[in-house]
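Undergrad: Got a sequence here, can you build the structure:
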Amino acid sequence: MQTTDPAQRRRRKEARPQELLEAALALFVQKGFAATRAEEVAALAGVSKGTLYLYYPSKEELLKAVIAHYLSDRIAEGAAQAAGFNGSATDLLQSILIDWWTQLYDSPAAGVFKLVITEVRNFPEIAGFYHREVVERAHDLLGRIVRQGIDQGEFRPVDVDHAVHSLVLPLVMICLHRHSLGACTPADWHLDGRAFIAQHVHLVLAGLSVRPPQALATPPVPPIPPRSTAP
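TA: Okay, the predicted model is just below:
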């Protein structure tokens, strides 16, 4: 009788939360949060419904975990990067915004924005969680960097809140486009989201800069990461 190696079982157990989050994200974006049943998430992840509830006691908690894993944790990484950064505010914002948003755009996680925007009115608890864990934390991080640039004479004195919104909202929109119109329009109509991200950040930072806009070099579009060959 074949038995499973204990180490293999342990690795499988440790991988389950990630597998459940990936399955939940895929189904929530495709079908919508309300229309997705917990047993569908469990089936896609290859576990029982009972196993799903061992990790996430409700579908709402599962959605919160998706938001935290794909967005909140990445914001925390950006904050850690900012804390140890010694360059200019422009360089820091370009690094955080272009690198982070390009990676997000290239991943299934870009669908979280569509999911949140289409579902939160019916789920106030999720709306509050998203605002606290994503909107407020991201706004605080980027606001600190913009304010630092102003204090150091690198940026013009502007309304910091409006500057942060100007940086972020078009980036949210390009992710929404990918998972809405971009998913169903002819290929030659598609926006180049990766080029848009780099160009947009450059345009806003040029507007913030006290130097002439032409003094800021347009950042290159980050290279496309290699695709996994795993099945």
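Undergrad: Domains of this protein: list them as residue ranges, please.
TA: Residue ranges for the structural domains of the chain, counted by automatic domain parsing, are given in the record as 1-57, 66-215.
Undergrad: what distance separates the last one from the centre of its chain?
TA: Centroid separation between domain 66-215 and its chain, computed with Cα atoms, centre = their mean, to the nearest Å, is 9 Å.
Undergrad: quick one, helices of the protein?
TA: For the chain, the helices identified by DSSP state H occupy 6-31, 38-45, 49-55, 59-67, 73-83, 89-94, 100-105, 111-119, 124-130, 137-151, 160-178, 193-208, in order along the chain.
Undergrad: any chance of those in a markdown table, with mean neighbour count too?
TA: Just so you know, the C-beta spots here come from the backbone N, C-alpha and C atoms, and that holds for glycine as well. Putting the helices of the chain into a markdown table (neighbours: other Cβ atoms under 10 Å) gives the following:
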| stretch | mean neighbour count |
| --- | --- |
| helix 6-31 | 15 |
| helix 38-45 | 17 |
| helix 49-55 | 14 |
| helix 59-67 | 20 |
| helix 73-83 | 15 |
| helix 89-94 | 20 |
| helix 100-105 | 20 |
| helix 111-119 | 20 |
| helix 124-130 | 16 |
| helix 137-151 | 18 |
| helix 160-178 | 17 |
| helix 193-208 | 18 |
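Undergrad: Next, format these as CSV and append mean pLDDT.
TA: As requested, the helices of the chain are exported to CSV (pLDDT from 0 to 100):
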stretch, mean pLDDT
helix 6-31, 77
helix 38-45, 95
helix 49-55, 93
helix 59-67, 94
helix 73-83, 91
helix 89-94, 94
helix 100-105, 90
helix 111-119, 87
helix 124-130, 91
helix 137-151, 96
helix 160-178, 93
helix 193-208, 92
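Undergrad: just checking, residue 89 touches residue 155?
TA: Yes: counting by Cβ atoms under 8 Å, residue 89 does reach residue 155; the two are 6.6 Å apart.
Undergrad: what is in contact with the two at once?
TA: Taking Cβ atoms under 8 Å, 6 or more residues apart in numbering as the contact rule, the neighbours common to residue 89 and residue 155 are 146, 149.
Undergrad: so residue 152 makes contact with residue 89?
TA: Yes: counting by Cβ under 8 Å, residue 89 is a contact partner of residue 152 at 6.9 Å.
Undergrad: Phi and psi next, for residue 192.
TA: Listed backbone geometry of residue 192 is phi -80, psi 90, with angles given as degrees, to the nearest 10.
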